[in-house]
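Asks: pasting a predicted model and its sequence here:
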Amino acid sequence: MRDLLKIAIDERPDGVHVEARYHQRKRIEVRADKGRLQRTIVDDFAGIGIRVLHKGAWGYASTSELNNKAVKETLKNAVAAAENLAPSMKEKIELAPIKPVTGSFKSIGKDPFANHTIEERVNLVMNADKLVREADERIKGSMVFLREPSNHRIIMNSDGTDVELFDSRPDFYIQATAAEAGKIMPYYSVNGITGGWEIFKKYTPEDMAKKAVETSIDLLEAPLAKGGKHTVIMEPSVVGIICHEAIGHTVESDFVLAGSAAKGKIGKKVASELVTMVDTGEQKTAGGWLEVDDAGVKSKKTVIIKEGIMKSYLHSRFTAHHFGVKPTGNERAWEYNVEPLIRMRNTYLEPGNFTKEELLEDIKFGYLCVQPGGGQADSTAEFMFSITEAYEIKDGEIGGLVKNVTLTGDAFEVLQSVKGVGKDWKLDMGSGHCGKWQPAKVDGGGGPTKATTLVSGEVGGK
């Protein structure tokens, strides 16, 4: 495949910048619902995408035909696309310089999924589903889902980058749905990494099934949260979703150029001095692992906020040139037939110096937010996230489970209110995908973080 990509590099017209990318994705999914195997999918496809910069405009074309003739035709089509677009460009695209990257990079785990048969995966899913269904008579529904996309990419560009990357990014979900006296409460246990079968050592299927069952049953009798502005301690998965959804998208520089809430904030105080936020692809087992981005740029650690001061946006080579900074290695494409976009990788708060007990000790009333559910955020930094697992805090002690909790507010205001960040740091949201016109695997987290935000629930006081 490298020889095919080299055709695009060697036969490019004079003055044309070329990025050529081979991408093979194999996806295996197994799903069971209520004791029945509902889906087994094996999907394997590959192709080549070619992006060119010509006369200040991008052109992109792709092909699933892996031969010399198809690559030459795809290069020709990409150049023609740029030629047609160039006259309408208000700002001609120029690229920040990079140091070429070469080598091979791999994150498939110590026990790769490729070593495990479809039958073994089906058995694991069906056994986990059985654990849920047979745990308690109040469990009326179950769902277990195992997905493993694996990727093989070769990336070359006319600046000299020539790299090969292999990864596997499995997700595992267990849902239990409890029902009694007309009340129905579901709960998900979720897990995701970049790596191999060791995903089931991080959180075993047995532990995940038990957690899903017990929490869904407890939620049946849990009271509603009390609405109002409250102190909360956010566990790493909730910290991660705030970092990613509510802050991270505002600092993706294509959104900054469009006028996001982060525009003009470089060098300004946007958070408590206890807050240092980072985006990086360096953690090899995290969902957003990325050694080299799809434009052929080395992925580097990017400090977005340092001790409350905004320091950097997330950049492509074009936006880096526009802002007069270095590229950050954040261009990512989901498949061979789409162009790279500016995307996050692993976005998190650096650990602080607080123990959990120190975070709790002066809270008269508040909530411990353990696991996020669905929600939304936009480029204004306004957010609304459901919390599927939350507990009352009273007089510095963690109390009972509450339900139907939603956190809302302005993410920068929440970060300004941070009064403590815990030592117990981890990335803990690698089970999902970010959706910005095309999917991307990401991760996020931090230490437990104490802040103030609006909590939905029953209207009333403390």
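Replies: Received the coordinates, thanks.
Asks: pretty sure residue 251 sits against residue 315.
Replies: No. Counting by C-beta atoms under 8 Å, residue 251 does not reach residue 315; the two are 9.7 Å apart. Placement of C-beta: from N, CA and C, glycine included.
Asks: quick one, which of these two is more surrounded?
Replies: Higher neighbour count among residue 251 and residue 315: residue 251, with 30 against 27, using other C-beta atoms under 10 Å.
Asks: got a list of what the more buried one touches?
Replies: 260, 262, 304, 310, 312-314 (C-beta atoms under 8 Å, 6 or more residues apart in numbering).
Asks: ok, now with 10 Å
Replies: 260-263, 265-266, 270, 277, 279, 302, 304-305, 310-315, 342, 344, 347, 381 (C-beta atoms under 10 Å, 6 or more residues apart in numbering).
Asks: weed out the non-buried ones from these.
Replies: 260-263, 265-266, 270, 277, 279, 302, 304-305, 310, 312-315, 342, 344, 347, 381 (16 or more other C-beta atoms under 10 Å).
Asks: show me the residues you listed that map onto strands.
Replies: In strands, judged by DSSP state E, the following of the buried ones among the contacts of residue 251 are found: 277, 279, 302, 304-305, 310, 342, 347.
Asks: farthest-apart pair in these, please.
Replies: Using C-beta to C-beta, the two most remote members of these are 305 and 342, lying 17.6 Å apart.
Asks: just checking, residue 36 touches residue 126?
Replies: Yes. The pair residue 36 and residue 126 passes the contact test of C-beta atoms under 10 Å, sitting 9.2 Å apart.
Asks: which one's more surrounded, those two?
Replies: Neighbour count, other C-beta under 10 Å: between residue 36 and residue 126, residue 126 has more, with 16 against 10.
Asks: shaky segments in the chain?
Replies: Scanning the chain for pLDDT under 70 picks out the ranges 457-462.
Asks: pop the domain breakdown of it in here.
Replies: Using automatic domain parsing, the domain parsing of the chain gives 2-221, 228-455.
Asks: would you mind finding the most buried of the ones you listed?
Replies: For the domains of the chain, average neighbour numbers computed from mean count of other C-beta atoms under 10 Å are highest in domain 228-455, which has a mean of 21.
Asks: all the helices of the stretch 301-450 of the chain, residue numbers only.
Replies: Under the criterion DSSP state H, counting those that start in this stretch, helices of the stretch 301-450 of the chain are mapped to 317-323, 356-360, 411-416.
Asks: distance of residue 288 from residue 222?
Replies: 33 Å (C-beta to C-beta, to the nearest Å).
Asks: what do you get for residue 24?
Replies: For residue 24, the distance to residue 222 - C-beta to C-beta - is 46 Å.
Asks: if we can go back for a sec, any chance of the helices of the stretch 301-450 of the chain in CSV, with distance to residue 89 too?
Replies: Shown next, in CSV, are these (distance: least, C-beta to C-beta, whole Å):
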stretch, distance to residue 89
helix 317-323, 11
helix 356-360, 51
helix 411-416, 33
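Asks: could you tell me the end-to-end distance of stretch 237-249?
Replies: Here the two ends of stretch 237-249 are set 17 Å apart, with distance taken as C-alpha to C-alpha, to the nearest Å.
Asks: ignore what I typed, I meant stretch 109-118.
Replies: Stretch 109-118 end-to-end distance (C-alpha to C-alpha) = 18 Å.
Asks: hmm, who's touching that stretch?
Replies: 26, 28, 30, 40, 42, 106, 108, 120-121, 123-124, 146, 148-150, 166-170, 193-201, 284-285.
Asks: is it true that residue 13 lies in a helix?
Replies: No. Checked against DSSP: H, G, I helix; E, B strand; the rest coil, residue 13 lies outside a helix; its state is coil.
Asks: can I assume it is in contact with residue 59?
Replies: No. Assessed by C-beta under 10 Å, residue 13 is found out of contact with residue 59, at 11.4 Å.
Asks: find residues that contact each of these two.
Replies: The contact sets of residue 13 and residue 59 overlap at 52, 75, 79 (C-beta under 10 Å, 6+ apart).
Asks: what about the residues you listed, which are in helices?
Replies: Judged by DSSP state H, the shared contacts of residue 13 and residue 59 include 75, 79 as members of helices.
Asks: looking at the shared contacts of residue 13 and residue 59, which is nearest residue 140?
Replies: residue 52 (55.9 Å).
Asks: now do the closest one against residue 429, distance only.
Replies: Taking C-beta to C-beta, one finds residue 52 at 36 Å from residue 429.
Asks: with residue 14 instead?
Replies: Distance from residue 14 to residue 429, counting by C-beta to C-beta: 46 Å.
Asks: and for residue 217?
Replies: For residue 217, the distance to residue 429 equals 25 Å [C-beta to C-beta].
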